[in-house]
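got a predicted structure plus its sequence, pasted below:
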Amino acid sequence: PVAIQLAIFLNCAGHYGNAILIEDVAQWAGISIGSVVNCTNRVMATLLEEHNKFVFMPSEGSLDAEMARTFVEAKS
């Protein structure tokens, strides 16, 4: 299921370096090491395919640009 693949990916992505081992994720999820690698690769490939739909620079003068500008000014 997609939800489980996403949970496995997020578990892997949420740790860095030696903070987590594939074996630990496999044991946590109750699946094989190869399945952890496959789930991680599938979710990453899907995110990269959809990247341009969700990550973009708002056009100048748009509501999104104005909201971002207001947020940055409030935090600066």
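The structure has been received and is ready for your questions. Numbering: from 1, shown residues only.

with just CA atoms, put the lengthiest helix in the chain into PDB.
Longest helix of the chain, by residue count under DSSP state H: helix 33-54. The C-alpha trace of helix 33-54 is given here as PDB (Å, rounded to 0.1, in the frame of the first residue of the first chain):
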ATOM      1  CA  ILE A  33      15.800  -5.100   3.300                       C
ATOM      2  CA  GLY A  34      15.200  -5.200  -0.400                       C
ATOM      3  CA  SER A  35      11.600  -4.100   0.100                       C
ATOM      4  CA  VAL A  36      12.800  -1.100   2.100                       C
ATOM      5  CA  VAL A  37      15.100  -0.100  -0.800                       C
ATOM      6  CA  ASN A  38      12.300  -0.600  -3.300                       C
ATOM      7  CA  CYS A  39       9.800   1.500  -1.300                       C
ATOM      8  CA  THR A  40      12.300   4.300  -0.800                       C
ATOM      9  CA  ASN A  41      13.200   4.300  -4.500                       C
ATOM     10  CA  ARG A  42       9.600   4.200  -5.600                       C
ATOM     11  CA  VAL A  43       8.500   7.100  -3.400                       C
ATOM     12  CA  MET A  44      11.600   9.200  -4.400                       C
ATOM     13  CA  ALA A  45      10.900   8.600  -8.100                       C
ATOM     14  CA  THR A  46       7.300   9.600  -7.600                       C
ATOM     15  CA  LEU A  47       8.200  12.800  -5.800                       C
ATOM     16  CA  LEU A  48      10.700  13.700  -8.500                       C
ATOM     17  CA  GLU A  49       8.100  13.100 -11.200                       C
ATOM     18  CA  GLU A  50       5.600  15.400  -9.500                       C
ATOM     19  CA  HIS A  51       8.200  18.000  -8.400                       C
ATOM     20  CA  ASN A  52       7.400  20.700 -11.000                       C
ATOM     21  CA  LYS A  53       3.700  20.600 -10.100                       C
ATOM     22  CA  PHE A  54       4.300  21.600  -6.500                       C
END
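
chain center to the helix or strand just after it, what's the gap?
Counting by DSSP states H and E, the next helix or strand C-terminal to helix 33-54 is helix 63-75. How far helix 63-75 lies from its chain's middle: 24 Å, per CA atoms, centre = their mean, to the nearest Å.

need the residues that contact helix 63-75.
Contacts of helix 63-75 with the rest of the structure, by CB atoms under 8 Å, 6 or more residues apart in numbering, involve 58-59. The C-beta positions use only the backbone N, C-alpha and C, and glycine is treated the same way.
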